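> sequence first, predicted model second:
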Protein chains: 4
Amino acid sequence: MGHCLELGGQHTEKQHFTLMVACAEICRTSAHFMLIGSEYHQHISGECAEICNECADDCERFGDMQECVEACRRCAESCRKMEA
Amino acid sequence: MGHCLELGGQHTEKQHFTLMVACAEICRTSAHFMLIGSEYHQHISGECAEICNECADDCERFGDMQECVEACRRCAESCRKMEA
Amino acid sequence: MGHCLELGGQHTEKQHFTLMVACAEICRTSAHFMLIGSEYHQHISGECAEICNECADDCERFGDMQECVEACRRCAESCRKMEA
Amino acid sequence: MGHCLELGGQHTEKQHFTLMVACAEICRTSAHFMLIGSEYHQHISGECAEICNECADDCERFGDMQECVEACRRCAESCRKMEA
C-alpha cells in the first residue's frame, strides 16, 4: 500500500486501490478463520483465492509490479489448497 | 461473548464458541467491504448471511437466547439484501 | 477512503492516506475492545482519540472536508469519554 | 483459543479468555500498523507489549501452559523493540 501511495497515478486509482485494500482485508480474515479453527475457513479461503487472483491480474496490467503479482499468486494458490 | 463466558457450560463448548467468534469476524469484514466500496461485498455479505443464520440456529438450540437469535436473524436478513 | 481516492492529488498523498487508514483501523479495534469488555479498552480509546484528532487536523488543512473533520472530532470526543 | 475451549474450566473463565481475545486483537492491529507504515505503530506496539505480558502472566498461573507463556513473552519482547 505504501508503495502504491508513493508511486501515485494509476496506482492510487480507485478501482485498483480498493481491490488491494479488499485483498489485504480478506487475507487477514482468512488467517483468522484458520486460527480459530472455524469450519467456514474453506469458504473464506475460496473468496480469498479469488480476490488475490484478481489483485494479481490488476497489478500485472501495470507492468513493473512483478513482486506484488507473485505474492498474490502464491497467496491464491495457498488458499486454493486450504479450500480443497 | 461476555454473556457466554459468564454462563459457561454449553455456551463455551468449542463448536458453539468458535461459530460465534467466526460470526463476529465475518460481520466486521462484511462491514469493512461495504465501507471501502469493494465490488466483492456481495460475496462477503452472502458468507455473512450464512454464518449468521447458522449462529442463530445454534443459539436457538440452547433455549433462552432469544435476543441473540433475533440479532443474528436480523443481521442475516440485512446481508441477504446486500447480496441481492 | 473512496472519497479521497476519487479526489486524488493531496488526498492520496502517503502521509495523509496512511493516517486515515490507521484511524479506521484503531476505531475498529477500539470498538472490538469495548465489545469484548476488555479492561484495556481505556488505553485503546486513548490511542483512538489521539489518532482521530490528528486525522481531523489533517483533513482540516485541506479546506473543504468539514464533514470528515466533524466525524473525527465527534469520535475523538466519544473516545475521551470512554477513556475517563 | 481452540486449546482453551477444549480444556474448559479456568481456561474459559471470563477474565482470562477476554484477555486472550484482546491479546490476539492487539497483535493483529499492531501488525497492521507496521504494514501500513503508520507513525503510530510505536504507540500500538507499546500497548501490544503490555497486553502480551499480562497474557503471559495470566497463562503462567495455570501451570502447564509453558508454550503459550513463551509465545506471549517473545511477542512482547519484539513489540518492545519496535516501540523503542
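That came through fine.

> when you work out contacts or count neighbours from here on, use the C-alpha atoms and nothing else.
Will do.

> what ranges do the helices span in chain A?
Per DSSP state H, chain A carries helices over the ranges A:2-7, A:14-36, A:41-60, A:66-83.

> among these, which is nearest chain B?
Between chain B and the helices of chain A, the tightest spacing by CA to the nearest CA is seen for helix A:14-36, at 6.1 Å.

> how about the CA coordinates for the closest one, as PDB?
The C-alpha atoms that make up helix A:14-36 are tabulated as PDB, following Å, rounded to 0.1, in the frame of the first residue of the first chain:
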ATOM      1  CA  LYS A  14     -10.000   4.000  -7.000                       C
ATOM      2  CA  GLN A  15     -10.800   0.600  -8.500                       C
ATOM      3  CA  HIS A  16      -7.200  -0.700  -8.100                       C
ATOM      4  CA  PHE A  17      -6.600   0.600  -4.600                       C
ATOM      5  CA  THR A  18     -10.000  -0.600  -3.300                       C
ATOM      6  CA  LEU A  19      -9.100  -4.100  -4.700                       C
ATOM      7  CA  MET A  20      -5.800  -4.000  -2.900                       C
ATOM      8  CA  VAL A  21      -7.400  -3.000   0.400                       C
ATOM      9  CA  ALA A  22     -10.100  -5.700   0.000                       C
ATOM     10  CA  CYS A  23      -7.300  -8.200  -0.700                       C
ATOM     11  CA  ALA A  24      -5.400  -7.300   2.500                       C
ATOM     12  CA  GLU A  25      -8.700  -7.500   4.500                       C
ATOM     13  CA  ILE A  26      -9.800 -10.900   3.200                       C
ATOM     14  CA  CYS A  27      -6.300 -12.300   3.800                       C
ATOM     15  CA  ARG A  28      -6.500 -11.200   7.400                       C
ATOM     16  CA  THR A  29      -9.900 -12.600   7.800                       C
ATOM     17  CA  SER A  30      -8.900 -15.800   6.200                       C
ATOM     18  CA  ALA A  31      -5.900 -16.200   8.500                       C
ATOM     19  CA  HIS A  32      -8.200 -15.500  11.500                       C
ATOM     20  CA  PHE A  33     -10.700 -18.200  10.400                       C
ATOM     21  CA  MET A  34      -7.900 -20.700  10.200                       C
ATOM     22  CA  LEU A  35      -6.500 -19.600  13.600                       C
ATOM     23  CA  ILE A  36      -9.900 -20.000  15.400                       C
END
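
> got the angle for that helix vs helix B:14-36?
Our comparison of helix A:14-36 with helix B:14-36, counting by axes from the mean of the first three to the mean of the last three CA atoms, to 10 degrees, yields an angle of 170 degrees.

> for helix A:14-36, packing partners?
With contacts taken as 3 or more CA pairs under 8 Å, 6 or more residues apart in numbering or on different chains; DSSP states H and E, helix A:14-36 sits against helix A:41-60, helix B:14-36, helix C:2-7.

> packing partners for the last one?
This points to helix C:2-7. Using 3+ CA pairs under 8 Å, 6+ apart as the contact criterion, the secondary-structure elements in contact with helix C:2-7 are helix A:14-36.

> what comes up buried for the helix it packs on?
A:14-27, A:29-34, A:36 (16 or more other CA atoms under 10 Å in any protein chain shown).

> stretch A:55-72 vs chain B: in contact?
No - in this structure, stretch A:55-72 remains apart from chain B according to CA under 8 Å from any CA of the partner chain; the gap is never smaller than 11.9 Å.

> who touches that stretch?
For stretch A:55-72, the external contacting residues (CA atoms under 8 Å, 6 or more residues apart in numbering or on different chains) are A:16, A:19-20, A:23, A:52-53, A:73.

> for these, give me a markdown table that also has pLDDT.
Output for the contacts of stretch A:55-72, formatted as a markdown table (pLDDT from 0 to 100):
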| residue | pLDDT |
| --- | --- |
| A:16 | 93 |
| A:19 | 95 |
| A:20 | 93 |
| A:23 | 95 |
| A:52 | 96 |
| A:53 | 96 |
| A:73 | 95 |
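
> quick check, nearest of these to residue B:44?
Compare each of the contacts of stretch A:55-72 with residue B:44 using CA to CA and the shortest gap goes to residue A:23, at 12.2 Å.

> surely the closest one is in contact with residue A:52?
Yes - counting by CA atoms under 8 Å, a contact exists between residue A:23 and residue A:52, whose distance comes to 6.0 Å.

> need the contact partners of the helix or strand bottoming out on mean pLDDT in chain A.
Every helix and strand of chain A was ranked by mean pLDDT, DSSP states H and E. The lowest is helix A:2-7, at a mean of 85. Helix A:2-7 has contacts (CA under 8 Å, 6+ apart) with A:11-12, C:12-14, C:17-18, D:36-37.

> again with stretch A:41-50
A:23, A:26-27, A:29-30, A:33-34, A:75-80, A:82-84, B:43-44, B:47.

> now do 10 Å
The contact list for stretch A:41-50 (CA atoms under 10 Å, 6 or more residues apart in numbering or on different chains) reads A:22-35, A:38, A:51-56, A:72-84, B:22, B:26, B:40, B:43-44, B:47.
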